[in-house]
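K.L.:
build the 3D model from these lines:
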Amino acid sequence: MSDRKLTPEQLEKFPFVDLNHKTHFSLLAGVGSVSDHYKMAQELGHKGMCLADKGNMSGVLELYNIGKKEKFPFILATEMFVDGSS
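P.N.:
Residues are numbered from 1 along each chain as shown. Here you go, the predicted model:
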């Protein structure tokens, strides 16, 4: 991860929300717990967060509870694959 930090003025002008957080619930694709991702988003000054684990929604309740408690905007999602062969 880069040590480069945006200034508060830059953050206000260009707020950022990562729409592709993958936690340990995304087997072979993600790392870290939901709370780890939340803490990282806070440290980076993100204005919100989207949890989009692959093939499941196992972490959404944890993010929902954190978001409501901390008044942190969130998007609950999942990444699914559709096989058109059947």
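
K.L.:
tell me where the protein has helices.
P.N.:
Listed in chain order, the helices found in the chain under DSSP state H are 8-13, 34-43, 60-70.

K.L.:
out of those helices, which is the most enclosed?
P.N.:
Among those, the stretch with the highest mean neighbour count (mean count of other Cβ atoms under 10 Å) is helix 34-43, at a mean of 16. C-beta here means a position set from N, CA and C on the backbone, and glycine is covered the same way.

K.L.:
which ones are touching the residue lying closest to residue 17 once chain neighbours are set aside?
P.N.:
Beyond its immediate neighbours in the sequence, the residue positioned closest to residue 17 (Cβ to Cβ, 6 or more residues apart in numbering) is residue 48, lying 4.4 Å away. Residue 48 is in contact with 17, 41, 72, 73, 74, 75, counting by Cβ atoms under 8 Å, 6 or more residues apart in numbering.

K.L.:
how about the helices of the chain in a markdown table, adding distance to residue 83 and mean pLDDT?
P.N.:
Output for the helices of the chain, formatted as a markdown table (distance: least, Cβ to Cβ, whole Å; pLDDT from 0 to 100):
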| stretch | distance to residue 83 | mean pLDDT |
| --- | --- | --- |
| helix 8-13 | 41 | 74 |
| helix 34-43 | 28 | 92 |
| helix 60-70 | 24 | 94 |
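
K.L.:
how about those in a markdown table, adding distance to residue 24?
P.N.:
A markdown table is the format used below for these (distance: least, Cβ to Cβ, whole Å):
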| stretch | distance to residue 24 |
| --- | --- |
| helix 8-13 | 28 |
| helix 34-43 | 9 |
| helix 60-70 | 11 |
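
K.L.:
any idea which of those helices gets closest to residue 23?
P.N.:
When the helices of the chain are ranked by proximity to residue 23, the top entry is helix 34-43, at 5.4 Å, counting by Cβ to Cβ.

K.L.:
now do that closest one: which elements does it pack against?
P.N.:
Contacting helix 34-43 under the criterion 3 or more Cβ pairs under 8 Å, 6 or more residues apart in numbering; DSSP states H and E are the following elements: strand 49-54, helix 60-70.

K.L.:
again, 6 Å this time
P.N.:
Under the contact criterion of 3 or more Cβ pairs under 6 Å, 6 or more residues apart in numbering; DSSP states H and E, helix 34-43 touches helix 60-70.
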